[in-house]
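> Structure of the sequence below:
(2 chains)
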Amino acid sequence: MMLSLLIPWLPALTIFVAAVVQEMALPFPAWSVFRPDLVLICLFYWRLYRADRCGPVLALLAGLLVDVMSGSPVGLHAVSNIVFILVTGHFGRLLRSVDFVYLLFVLLFFTCLAEGIQLMLALLKWGPYVRWMVLAGRPVATLLIAPLVVYLLVLVHQAWLEEPNA
Amino acid sequence: MTDLLVLLREYRNAITVLVTLLVAFFLLLMAGGPRSQDHHGFREAVLQVTGPAQSLLLRPIATIERFQARMTQLMNLDRENRLFRAELERLRPLSTRLEELEQENQRLKSFLQIQPDPAFRALVVRVVGDSSSAFARSFILNAGRREGVVVDGPVTVPEGLVGRVVRASASSSLVLSLLDLNSRVPVLIQRSRVRAVAAGQNDTLLSLEYLPKDADVVVGDNVVTSGNGGVFPKGLLVGRVVSLKAGEDGLFKQALVQPMVDFDRIEEAHLLLPELASPETETTVQK
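This is a model prediction of the structure:
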């Protein structure tokens, strides 16, 4: 009963877990530069394959969560996340028919786009305080870890969120 | 109104995107600089919610870290153990040497507390050999004629009289202990001043000879040198009376004396040299 109530919220739950892991649970020094954006991977996946469960509101909340946990200015990740899922959703039909390897590079490009939006907003509002190394390292780390995260998301998807007629 | 609802339903997605973007931009515009304290309560609430999730996720990592730390500790323990063993092997002889020096120090300190007879010069010597056998009780000192040792020189330790020199070579000398069968020392009972001769028996006890049968002697009396004969200075402690009985001939008492010195444990001794010219001189022979 409880599980069946939770199932529709699984995408949100995975995004929450991804945010916690990304920002708090992996405090290794190497991650300070190569910190993957696990939230973006989740948003990308769910927006492509369960768009009904992953809309702008979830992107906004996920962005706010990351902003709060990472100490970033509130709204920064929220804006980039919303733009990210809008773009992903816009090309959704096309991307769903693309091979996974190509999707990884699409993800890389979209991550760069999200990082670029954050950089631009930060530069406009606060000037060049940004840690360039982190911004450059993040898309690379995201690309590298994406297959693993996507594999886990596929498992979750197939176990609980597979539509009967899909 | 109905038209408005239809319009909203038709553009629901666009409106949602617009509203969320506006909210995000609004928050962004309201936000302070990086690491500012804006939305402090909100941040605190989020951290309150994510805290348990973080600890849950960190648990396996913490377990692995503990395991890794434990393994490192065990590896270090093995290495440290080997190091300490090697160190112990290196220090063991030093420890024995230290103990030896400590004991020697104590013994030499006790020697220094002895007030030598003014008529004698005290020479601290080391016992370098034990020539005792079933028929003789004697030992060898590391000082000889070169150091001024003369035959019949008394040998003492802090506990009392040991014996006398019976042979002196250039660098060593042979001491006849009180216990030797050939040893005779003129003594007196310290309490009653009764004179006798302490004779060795090649045993652990001395025999008092020429003790009159009515002499005032009791078990426990101290026996000291009498100074008769000029070999031993007067007043050196020899032993304590431990047994008394009537002699077989009926003229003398038979008394046995337990020497104060433990002859099996002598390592250093005072050799008393008759030198009236410098009575307070005390030297040590180091070999």
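> Nearest spatial neighbour of residue 153, chain-adjacent residues omitted?
You didn't say which chain, so I picked chain A. Closest residue to residue A:153 apart from its sequence neighbours, by C-beta to C-beta, 6 or more residues apart in numbering or on different chains: residue A:45 at 4.8 Å. C-beta here means a position set from N, CA and C on the backbone, and glycine is covered the same way.
> meant chain B, my bad for not saying
Closest residue to residue B:153 apart from its sequence neighbours, by C-beta to C-beta, 6+ apart: residue B:165 at 4.4 Å.
> what sits against the one you found?
B:141, B:149-153, B:155, B:173-176, B:271 (C-beta atoms under 8 Å, 6 or more residues apart in numbering or on different chains).
> from these, which is closest to chain A?
Closest approach to chain A among the contacts of residue B:165 (C-beta to the nearest C-beta): residue B:141, at 74.6 Å.
> Beta-bridge partners for that closest one, please?
Residue B:141 has these beta-bridge partners by DSSP bridges: residue B:127, residue B:173.
> Is there a neighbour count for it? I'd like the number.
28 (other C-beta atoms under 10 Å in any protein chain shown).
> Isn't it up against residue B:155?
Yes. With contacts counted by C-beta atoms under 8 Å, residue B:141 reaches residue B:155, the gap being 7.3 Å.
> which intervals of the chain have sub-threshold pLDDT?
Answering for chain A, as no chain was given. Low-confidence segments of chain A (pLDDT under 70): A:1-2, A:24-32, A:128-132, A:134, A:163-166.
> Not quite, go with chain B.
B:1, B:32-40, B:42-43, B:47, B:54, B:113-117, B:131-136, B:275-287.
> In it, which helix is the longest?
Scanning chain B for the helix with the most residues, using DSSP state H, yields helix B:40-112.
> So which residues of the chain form helices?
I'll assume chain A. Remark: helices assigned in chain A by DSSP H are A:2-6, A:10-20, A:38-49, A:56-70, A:76-90, A:92-96, A:100-126, A:132-156.
> Chain B is the one I meant
For chain B, the helices defined by DSSP H cover B:2-10, B:12-30, B:40-112.
> Kindly compare burial across those helices and name the winner.
With neighbours taken as mean count of other C-beta atoms under 10 Å in any protein chain shown, the helices of chain B reach their highest mean count in helix B:12-30, at a mean of 16.
> So which elements touch it?
On a contact count with 3 or more C-beta pairs under 8 Å, 6 or more residues apart in numbering or on different chains; DSSP states H and E, helix B:12-30 meets helix A:56-70, helix A:76-90, helix A:100-126.
> Tell me which of the ones you listed sits nearest to residue B:9.
With C-beta to C-beta, the closest approach to residue B:9 among these belongs to helix A:56-70: 16.6 Å.
> now the closest one, how far from the centre of its chain.
10 Å (C-alpha atoms, centre = their mean, to the nearest Å).
> Neighbours of residue A:44, how many?
Counted with other C-beta under 10 Å, residue A:44 comes out at 28.
> give me the residue from chain A nearest chain B.
Nearest residue of chain A to chain B: residue A:75, at 3.1 Å (C-beta to the nearest C-beta).
> what residue is smack in the middle of the chain?
Answering for chain A, as no chain was given. Closest residue to the average C-alpha location of chain A: residue A:40 at 1.2 Å, with C-alpha atoms, centre = their mean.
> my question was about chain B
For chain B, residue B:99 is the residue whose C-alpha lies nearest the centre (C-alpha atoms, centre = their mean; 4.9 Å).
> tell me the domain ranges of chain B?
B:2-81, B:120-284 (automatic domain parsing).
> so of the ones you listed, which one's packed in deepest?
Ranked by mean neighbour count, these are led by domain B:120-284 with a mean of 18 (mean count of other C-beta under 10 Å).
> hang on, the earlier thing: of the contacts of residue B:165, closest to residue B:119?
Residue B:119 has its nearest neighbour among the contacts of residue B:165 in residue B:153, at 12.2 Å by C-beta to C-beta.
> For the residue in the stretch 1-150 of chain B that chain A sits nearest to, which residues are in contact?
Closest contact between the stretch 1-150 of chain B and chain A, by C-beta to the nearest C-beta, is at residue B:28 (3.1 Å). Listed by C-beta under 8 Å, 6+ apart, the contact partners of residue B:28 are A:73-76, A:78-79, A:121, A:125.
> returning to what we had before: switch the domains of chain B over to JSON lines; also include distance to residue A:148.
What follows is the domains of chain B, written out as JSON lines (distance: least, C-beta to C-beta, whole Å):
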{"stretch": "domain B:2-81", "distance to residue A:148": "15"}
{"stretch": "domain B:120-284", "distance to residue A:148": "79"}
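> neighbours of the closest residue to residue A:149 other than its chain neighbours, just the number please.
Nearest non-adjacent residue to residue A:149, counting by C-beta to C-beta, 6+ apart: residue A:41, 4.7 Å away. When counting by other C-beta under 10 Å, one arrives at 26 neighbours for residue A:41.
> got it, and residue A:80?
Counted with other C-beta under 10 Å, the neighbours of residue A:80 add up to 25.
> That one touches residue A:119, doesn't it?
No. Judged on C-beta under 8 Å, residue A:80 makes no contact with residue A:119 at a distance of 9.4 Å.
> Pull up the gap between residue B:57 and residue B:63, please.
Going from residue B:57 to residue B:63 by C-beta to C-beta, to the nearest Å gives 12 Å.
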